[in-house]
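> structure, please.
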Amino acid sequence: MTTSLAPADEHDLVQVLVSRVHAAILSGTFPIGSRLRQEMLAERFGVSRTPVREALRVLHAMGVVILVPQRGAIVRGPTATEIREAYAVRAELEGLGAELAARRAGALDRSRLVQASRLFDAAARELTERGVSSVAGRRAWTDANDMFHEAVLTAAGNRRLTAIVTELHRSFPRSLTWGALHDEPSLVLENVIQHQRVRDAIERGDPEASRRWMSDHVRRAGELVADWFDRTRPAGTLLPEENSQ
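Residues are numbered from 1 along each chain as shown. Next up, the predicted model:
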């Protein structure tokens, strides 16, 4: 599918391409380890190879792709250590968000949290019934999960915290999470229980429990994803140390 891009100047065009390609990598459209050919990207986005080449250089500097001689750009896979580090930071920050939410959540905040929790419960049940390979089920689960975490951050009332957590949340491709869930479907329902603990603690205004349960939830998710990635690292995935050899 070709999507023509026509920003005002070449710099803007490169930045748009960087954003679009990065989004496609995070969504799993361009899987880890896959080769990004310049001609393919140029055709897909309706541009010449020159801005594509510049965009790939920017993505390389960002650590999103690796430029390999004779092979071009390869979608870079994170290391298990990078995954654990990112989730460790997320656990502390989202734990803080839950604590703040328990201290200041109003009636509207609690209503949003209840709605998000119910949607997540329903999405998890549907995903369990259809199987984790269901595209529609995965989309519903992802949307409901995002809604729940966003509801907690909204209730926390700290915009800087929300911005930092959102950036961390988007750091890794969704396919990593789904790989772990595919291997252990029971984790879908465990997530429901973990969300319920966070919601209950916030609703009863217990900052300490809210922080503890949210931090535990995010940290456990990080360990599951990192362990799965260690076990089943996709074929062709490149890590920084391999590129330097």
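
> what sits against Asn191?
Contact partners of Asn191, counting by Cβ atoms under 8 Å, 6 or more residues apart in numbering, are 120, 124, 145, 217, 221. C-beta: built from backbone N, CA, C; applies to glycine.

> no wait, Gly157
Shown in contact with Gly157 (Cβ under 8 Å, 6+ apart): 100, 104.

> check what pLDDT it gets.
We have a pLDDT of 96 for Gly157.

> going forward, count from 19.
Got it, the first residue is 19 from now on, which makes the last one we talked about Gly175.

> ok, which stretches of this protein are strands?
Taking DSSP state E as the test, the strands found in the chain are 53-54, 83-86, 90-93.

> circling back to that earlier point, just the contacts of Asn209: which are in helices?
Among the contacts of Asn209, the ones falling in helices (DSSP state H) are 138, 142, 163, 235, 239.

> of these - the most surrounded one?
Within the ones in helices among the contacts of Asn209, most neighbours by other Cβ atoms under 10 Å means Phe138, with 25 neighbours.

> which ones are touching it?
159, 162-163, 165-166, 209-210, 213.

> follow-up on the earlier one: buried deepest among the strands of the chain, which one?
Highest mean neighbour count of the strands of the chain: strand 90-93, a mean of 21 (counted as mean count of other Cβ atoms under 10 Å).

> each with direction, which strands does that one pair with?
Sheet partners assigned to strand 90-93 using DSSP bridges are listed as strand 53-54 (antiparallel), strand 83-86 (antiparallel).

> can you tell me what sits against it?
Residues outside strand 90-93 that contact it (Cβ under 8 Å, 6+ apart): 43, 48-56, 74, 77-78, 82-86, 254, 256.

> go again using 7 Å as the cut-off
Where contact means Cβ atoms under 7 Å, 6 or more residues apart in numbering, the residues beyond strand 90-93 that reach it are 43, 48-56, 74, 83-86, 256.

> so for it, mean pLDDT?
The predicted model assigns strand 90-93 a mean pLDDT of 90.

> now stretch 45-59
Averaged over stretch 45-59, pLDDT sits at 88.

> endpoint to endpoint, that stretch covers what distance?
End-to-end distance for stretch 45-59: 16 Å, by Cα to Cα, to the nearest Å.

> for the spatially most central residue of the chain, grab phi and psi.
With distances taken as Cα atoms, centre = their mean, Arg188 lies nearest the centre of the chain, 3.9 Å away. Here is the backbone geometry of Arg188 (degrees, to the nearest 10): phi -100, psi 10.

> tell me who's in contact with it.
Contacts here follow Cβ under 7 Å, 6+ apart; on that basis Arg188 touches Leu44.

> show me the contacts of Phe138 that map onto helices.
Those of the contacts of Phe138 lying in helices (DSSP H): 159, 162-163, 165-166, 209-210, 213.

> give me the neighbour count for the residue lying closest to Thr68 once chain neighbours are set aside.
Among residues not flanking Thr68 along the chain, Glu28 sits closest, at 7.8 Å (Cβ to Cβ, 6 or more residues apart in numbering). Other residues near Glu28 come to 13 when the count uses other Cβ under 10 Å.
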